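*Asks:* I need the structure of the sequence given here:
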Amino acid sequence: MRIGTLLLVLAGLAACSGSDPAPADIGDRVAPAQPLEPGGNLDAEAFVVFTEPGTGFMTTEVHDADREVVHFHAELAAMVSALNGTSVDGWDANGTDLSWSRSGISFRVRFGTEEGERRAYFTEAGPGTICNLRILGTDQLSISGTSETPPNP
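*Replies:* Presented below is the predicted three-dimensional model:
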């Protein structure tokens with residue numbers, strides 16, 4: 001099922017596709033996000049490793065539509081921003097499938113080639129379009145859809 005806009009929200013509603021929401025839409029729908037504790041385990045071993053079927057390509061880095069990178073921390077069940085370490089808990093990774101405990105929308109890590117290298121992308125499970133992830137503040141996560149699919153040569 002493809003839905004117009006994606007916002008992961010505290011109430012557990014979610015959708016992903018279409019255009020970014022208007023800024024007024026974002027303010028009312030937020031999901032907890034928090035920085036990891038100082039000294040928290042951010043070793044590569046703590047992050048989920050995603051493996052591309054067929055090629056064996058492996059990575060912990062998952063790119064969004066803006067090519068910002070997130071990791072998924074297995075022990076904390078959290079999405080972690082590579083930029084500043086801000087995390088959002090409740091995430092589960094099973095193979096390349098991703099689920100968030102506060103939403104009924106499924107996501108998937110898909111692979112593509114960009115700038116001559118293999119990469120993993122955060123996408124909608126159904127249509128496979130790349131989502132844009134934004135941690136808007138200490139307690140806010142926004143996920144919006146795009147029409148872009150993982151690039152392949």
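
*Asks:* distance of Phe50 relative to Gly116?
*Replies:* From Phe50 over to Gly116 the distance is 19 Å, taken as C-beta to C-beta, to the nearest Å. In this view, the C-beta of every residue, glycine as well, is placed from N, C-alpha and C.

*Asks:* which one's more surrounded, those two?
*Replies:* More crowded of Phe50 and Gly116, by other C-beta atoms under 10 Å: Phe50, with 22 against 6.

*Asks:* the residue lying closest to that one once chain neighbours are set aside is in what secondary structure piece?
*Replies:* Excluding its sequence neighbours, the residue lying closest to Phe50 (C-beta to C-beta, 6 or more residues apart in numbering) is Val109, at 4.7 Å. Following DSSP states H and E, one finds Val109 within strand 106-114.

*Asks:* got the contact list for that strand?
*Replies:* Strand 106-114 has contacts (C-beta atoms under 8 Å, 6 or more residues apart in numbering) with 16, 50, 52, 55, 57, 62, 67, 93, 96-100, 118-126, 128, 131, 149-153.

*Asks:* same deal with stretch 59-66?
*Replies:* 44, 47-50, 69-72, 82, 109, 118-122, 130-133, 146, 148.

*Asks:* now do the phi/psi pair for Ala46.
*Replies:* When read as degrees, to the nearest 10, the backbone of Ala46 gives phi -80, psi -20.

*Asks:* isn't it right next to Ala77, touching?
*Replies:* No - counting by C-beta atoms under 8 Å, Ala46 does not reach Ala77; the two are 11.3 Å apart.
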